[in-house]
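**Q** would you be able to build a 3D model of this:
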Amino acid sequence: MKEDSPHIAHLDGRPATTGDLAPLAFSGHAHFTAAQIRDGRIRGLDLHLERLRSASVELFGRALPDDVVRARLRTALAAAPAADLSLTATVSSTAGEFAAPDGDPTLLVRTGPPSSGPAGPLALAAVEHERFLPHIKHVGEVAKTHLLRQAVADGFDDAAFLDRRGRFSEATIWNLVFWDGDAVVWPEARILTGTTLGIVRRQLDRLGIGQRVAPVTPDDLPALAGAAVMNSWTPGIPVHRIGSTELPAAPRFLETLHRAYTAEPPTAP
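**A** I've put the predicted structure just below:
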């Protein structure tokens, strides 16, 4: 049965109650994946499942089987009021905070209105920051919101991170990607490999479009032909400035990112 509210939460395959959600309100030891659902389908389902599985094993010592996760996603989608929506699947331990994991982890699936992100182009502040366990999409990252708001207060739209070696890694809720005029350049650093990044990367290979991984520092920016950010909302929003360095518009670069993303066939959970 579909519900009318634009925001719906299911815990372990059933509608979540206030009592279910109360213990999760201050839960900081959890991980999640986020996706845009269109016509009831999702791109890169295998990447989302692998993300949830590997992070659960690392954080909790065990993971829910993929078929259980898919069944709970289907239950949440069936109850949603529309076929186009945003979805977040969050995994936590039933033992709660400050305790060793005990039993299978729990899965909270939330749905809400669809999003395609800001139009851009964006100006990003360059700030020194390294995320804890950067390869895991975990919750409770106060630094990302704080640095975003600080960047906005300083006249930027968002923030890009520099690691301790002075290399760009990622942005607050985005993966960074650059363009050298011929090939897509992924920054060499410890990052969260986004599902959209994974989709774009494998489809660029299939389309025969050049790409490489290389360190990118602020000193390298003037020689680049474009930059963008991507996340579950979108495969590419243009970036026109990072710090004090202006970057050229690169419509062919943005078209390439979007073409690679749409080449990935969406599937039902």
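**Q** show me what contacts Leu122?
**A** Residues near Leu122 by C-beta atoms under 8 Å, 6 or more residues apart in numbering: 157-158, 229, 237-240. The C-beta positions use only the backbone N, C-alpha and C, and glycine is treated the same way.
**Q** could you pick out the longest helix of this structure?
**A** For the chain, the longest helix by residue count, based on DSSP state H, is helix 45-60.
**Q** next secondary structure element downstream of that one?
**A** helix 66-79 (DSSP states H and E).
**Q** can you name the residues in contact with the lowest-mean-pLDDT helix or strand in the chain?
**A** Least confident helix or strand of the chain, by mean pLDDT, DSSP states H and E, is helix 18-21 with a mean of 76. Under the contact criterion C-beta under 8 Å, 6+ apart, helix 18-21 has outside partners 9, 11.
**Q** now do the buried residues in that helix.
**A** For helix 18-21, burial by neighbour count (16 or more other C-beta atoms under 10 Å) applies to Asp20.
**Q** swap in stretch 165-176?
**A** 167-176.
**Q** with adjacent residues omitted, what lies nearest to Asp84?
**A** Distances taken as C-beta to C-beta, 6 or more residues apart in numbering put Pro114 closest to Asp84, at 4.5 Å, once the chain neighbours are dropped.
**Q** confidence score at the one you found?
**A** Predicted confidence (pLDDT) for Pro114: 96.
**Q** which of the residues in the host helix or strand of Ile199 are buried?
**A** Using DSSP H and E, Ile199 sits within helix 195-207. Using 16+ other C-beta under 10 Å as the test for burial, helix 195-207 gives 195-201, 203-204.
**Q** tell me the angle of it relative to helix 45-60?
**A** Helix 195-207 runs at 140 degrees relative to helix 45-60, counting by axes from the mean of the first three to the mean of the last three C-alpha atoms, to 10 degrees.
**Q** if we can go back for a sec, next one: the residue nearest to Asp84 from Arg212, what distance?
**A** Between Pro114 and Arg212 the computed distance is 33 Å (C-beta to C-beta, to the nearest Å).
**Q** same deal with Gly236?
**A** Computed as C-beta to C-beta, the Gly236 to Arg212 distance reads 17 Å.
**Q** any weak-confidence spans in the stretch 51-200 of the chain?
**A** Scanning the stretch 51-200 of the chain for pLDDT under 70 picks out the ranges 95-96.
**Q** cutoff 80 now
**A** 94-103 (pLDDT under 80).
**Q** so what's Ala35 up against?
**A** Neighbour list for Ala35: 42-44, 48, 86-89, 195, 232 [criterion: C-beta under 8 Å, 6+ apart].
**Q** do Pro6 as well
**A** Here Pro6 is in contact with 81, 112-113 (C-beta under 8 Å, 6+ apart).
**Q** swap in Leu247?
**A** So Leu247 contacts 221, 224, 226-227, 239-241 (C-beta under 8 Å, 6+ apart).
**Q** please repeat the previous calculation with a cut-off of 10 Å.
**A** Contacts for Leu247 (C-beta atoms under 10 Å, 6 or more residues apart in numbering) come out as 121, 123-124, 178-179, 221-222, 224-228, 238-241.
**Q** quick check: bridge partners of Asn231?
**A** Legend: beta-bridge partners of Asn231 under DSSP bridges are Thr234.
**Q** roughly how far apart are it and Asp20?
**A** Counting by C-beta to C-beta, the gap from Asn231 to Asp20 is 28 Å.
**Q** counting neighbours, what do you get for the closest residue to Leu147 other than its chain neighbours?
**A** Closest residue to Leu147 apart from its sequence neighbours, by C-beta to C-beta, 6+ apart: Ala159 at 4.6 Å. Residues near Ala159, counting by other C-beta atoms under 10 Å, number 25.
**Q** who's Ala159 bridged to?
**A** For Ala159, the beta-bridge partners under DSSP bridges are Ala125.
**Q** could you check how far it is from Gln150?
**A** Counting by C-beta to C-beta, the gap from Ala159 to Gln150 is 7 Å.
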